[in-house]
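Chemist: Got a predicted structure here, sequence first:
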Amino acid sequence: MTRSAVAESSMAAFVASRRRQLIVAAIVFAAIALVPRLVSDVYMMNVLILTLLFAALSQSWNLLGGYCGQVSLGHALYFGVGAYATSLLFVNFGITPWGGLLVGGVAAALIALALGYPCFRLKGHYFSIATLVIAEIGMLLFHNRAYAGAALGIQWPFGPDSWWTLQFARDKVPYFYFALGLFAVTWLSTFAIVESRWGYWWRAVKDNAEAAESLGVTIFHSKMAAAAISAFFTAVGGGFYAAFVSYIDPESVMHFRFSLLMALPAVLGGVGSLWGPAVGALILIPLAELTRSYLGGSGSGLDLVIYGGLIMIVSLTKPEGLLSFIRPPAARGTAA
């Protein structure tokens, strides 16, 4: 077989694989869209909405932490920026939350670029610690800013159910479909990026930054692009969360717990994979909500203990994440 024939065969196999992935994704999204027809309980609907939201947020974190290998512990900052931008514009200026989502996403991306300039000169756990500290500083700043409600927070005004204002007090199903749409957008964006030039650069930087640089990869620009895209989607998720709960304060949208809830699903399900964050979120988020609801104060922190136990077990038995149990051997090592 000639070299050109081998290349054509490889390309055909690659295209067929990508097409199969899209078909599977379409089936999964369509199946999820039918869930509201089967679930009538309001509490369970809330749990499903949060699961989809954090699947999207974890997928956003996965772009930077999973594919690019830059483990951030400060994504709560971008989540909070999105929540505050959407809330302030809507409550103080009457601007539709849709505009706030866009403004918050762009603002978070710009902040990520500004912070990336000094932080990406750090490596390993030094980078992670820096992101954590900066996020905590951001929360303290919002605690002391009167225009942002300070410690009292911001209460959204109640109005009629409307997609324009993203308010649905009587029926939570629209929130479900928004969260599903956000998850689908983040998944499709990741799907498009991972096999692009940026995707190959990110994986090269993750595997061996020095070797990647010797091959012509612009490491710093690759990291900056990953941070900006990741921050944008995280902020959009934060803006949606603000509309969903109708009240925010610094602790409720910028606490370190949110950074953990974005990173841990990807780690549990499989970092650097397309479905890993969703698999992890499907386990961790219902677990967190159920322990909080049924155990109350007596179960405070129990979900974190269980998280830690699950992560330890998975790290020791399947470092690639839970997704490696169901992926065929040939697919392991590729973005599945």
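Modeler: Thanks, I have the structure now.
Chemist: For the rest of this, base every contact and every neighbour count on C-alpha atoms.
Modeler: Noted.
Chemist: and the nearest residue to residue 311 once chain neighbours are set aside, how many neighbours?
Modeler: The spatially closest residue to residue 311, leaving aside those adjacent along the chain, is residue 268, at 6.0 Å (CA to CA, 6 or more residues apart in numbering). Residue 268: 29 surrounding residues under other CA atoms under 10 Å.
Chemist: looking at this, residue 268 is in a strand?
Modeler: No. Counting by DSSP: H, G, I helix; E, B strand; the rest coil, residue 268 is not part of a strand but helix.
Chemist: Run a quick check on it versus residue 321, I expect a contact.
Modeler: Yes. If you go by CA atoms under 8 Å, residue 268 and residue 321 touch, sitting 5.2 Å apart.
Chemist: quick one on the thing from earlier: next, the contact list for the residue nearest to residue 311, please.
Modeler: 276, 277, 279, 280, 310, 311, 314, 321, 322 (CA atoms under 8 Å, 6 or more residues apart in numbering).
Chemist: Which elements pack onto the helix or strand harbouring residue 179?
Modeler: Per DSSP states H and E, residue 179 falls inside helix 173-194. Using 3 or more CA pairs under 8 Å, 6 or more residues apart in numbering; DSSP states H and E, the elements in contact with helix 173-194 are helix 3-33, helix 42-62, helix 219-245.
Chemist: now those in CSV, with mean neighbour count and distance to residue 141?
Modeler: Below are these laid out as CSV (neighbours: other CA atoms under 10 Å; distance: least, CA to CA, whole Å):
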stretch, mean neighbour count, distance to residue 141
helix 3-33, 12, 39
helix 42-62, 25, 23
helix 219-245, 25, 17
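Chemist: looking at these, which is closest to residue 139?
Modeler: helix 219-245 (14.1 Å; CA to CA).
Chemist: how much does the helix holding residue 179 deviate in direction from helix 219-245?
Modeler: If you take axes from the mean of the first three to the mean of the last three CA atoms, to 10 degrees, helix 173-194 sits at 170 degrees to helix 219-245.
Chemist: And helix 173-194, what's buried?
Modeler: 173-184, 186-187, 190-191, 194 (16 or more other CA atoms under 10 Å).
Chemist: same question for the helix or strand that it is followed by, mean pLDDT?
Modeler: For helix 173-194, the succeeding helix or strand toward the C-terminus, using DSSP H and E, is helix 197-207. Helix 197-207 shows a mean pLDDT of 88.
Chemist: which other helices and strands contact helix 197-207?
Modeler: Helix 197-207 packs on helix 209-214, helix 219-245, going by 3+ CA pairs under 8 Å, 6+ apart.
Chemist: Let me see the contact set for the closest residue to residue 251 other than its chain neighbours.
Modeler: Nearest non-adjacent residue to residue 251, counting by CA to CA, 6+ apart: residue 139, 7.5 Å away. By CA under 8 Å, 6+ apart, the residues touching residue 139 are 77, 250, 251, 254, 255.
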